[in-house]
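*Asks:* fold the following for me, if possible:
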Amino acid sequence: MAWRNSNERYGTLSISLHWLTALLLVAVYALIELHDALGRTPGARAAEHWHSMLGLLVWFLTLIRLPLRLLQPVPAIQPPLVFWQRRLALATHAALYILLLFMPVLGWLILSAEGGEITFFGLHVPPIHARDRDYAATVAEVHGTIGNIGYALIALHTAAGLFHHYVQRDNTLSRMLPKRGG
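*Replies:* As a prediction, the model looks like this:
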């Protein structure tokens with residue numbers, strides 16, 4: 001399988017980054033739900049720490065994915081989508097990339113404004129805002145609200161892929177699946 005995208009299907013690099021991002025998002029969302037369920041415990045702090053680290057990893061991967069998306073061909077969907085489906089797909093993908101780029105930055109702002117040490121897999125991460133608990137609380141509210149919108153975007157993206165694969169029977173999903181066989 002080719003590393004780069006072609007006009008027919010996504011390349012190995014795009015496919016790998018897509019599914020790795022998807023797995024990381026499942027973990028990020030699961031960890032924040034676990035954090036909320038555990039209350040004020042050491043386990044909750046650990047879940048929050050891993051939520052932050054994996055969120056930053058999503059951001060780094062997105063910084064790689066976005067140029068790949070913009071500089072490589074997007075494989076054609078066969079048969080072609082109707083106008084409103086093309087527009088909805090474009091809007092959903094744009095919203096997902098905005099989510100993937102800005103949610104980790106909001107999280108980084110929260111951690112910075114809270115004033116604690118920020119680490120990324122053992123590396124010190126510099127703060128991007130001065131310590132300010134009120135600001136941290138405000139950004140945390142925004143982060144949580146956008147996170148809830150993220151649930152809907154991810155569900156829409158997933159449902160659309162399954163709908164196209166099983167109902168419309170086009171190649172929307174298969175272009176992003178690893179190629180089987182020889």
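*Asks:* break down this structure into its strands, ranges please.
*Replies:* 119-120, 123-124 (DSSP state E).
*Asks:* export those strands to a markdown table and tack on mean neighbour count, distance to G107 and mean pLDDT?
*Replies:* For glycine as for every other residue, the C-beta is placed from the backbone atoms N, C-alpha and C. A markdown table is the format used below for the strands of the chain (neighbours: other Cβ atoms under 10 Å; distance: least, Cβ to Cβ, whole Å; pLDDT from 0 to 100):
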| stretch | mean neighbour count | distance to G107 | mean pLDDT |
| --- | --- | --- | --- |
| strand 119-120 | 15 | 11 | 94 |
| strand 123-124 | 8 | 16 | 95 |
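*Asks:* adding distance to R69, write the ones you listed out as TSV.
*Replies:* Compiled in TSV, the strands of the chain are given as follows (distance: least, Cβ to Cβ, whole Å):
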stretch	distance to R69
strand 119-120	24
strand 123-124	27
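*Asks:* residue ranges in the chain under the pLDDT threshold?
*Replies:* Scanning the chain for pLDDT under 70 picks out 1, 181-182.
*Asks:* which stretches in it count as helices?
*Replies:* Counting by DSSP state H, the segments of the chain that form helices are 12-38, 42-71, 83-114, 133-163.
*Asks:* so for P127, which of those helices sits nearest?
*Replies:* Each of the helices of the chain has some distance to P127 by Cβ to Cβ; the shortest is helix 83-114, at 3.6 Å.
*Asks:* distance of I128 from S112?
*Replies:* According to Cβ to Cβ, to the nearest Å, I128 and S112 sit 5 Å apart.
*Asks:* compare these two and say which is more crowded by neighbours.
*Replies:* The neighbour count for I128 versus S112, taken as other Cβ atoms under 10 Å, is higher for S112 (21 against 12).
*Asks:* residues in contact with the residue lying closest to that one once chain neighbours are set aside?
*Replies:* Once flanking residues are discounted, S112 sits nearest to P127: 3.6 Å by Cβ to Cβ, 6 or more residues apart in numbering. Residues in contact with P127 (Cβ atoms under 8 Å, 6 or more residues apart in numbering) are L111, S112, A113, G115, I118.
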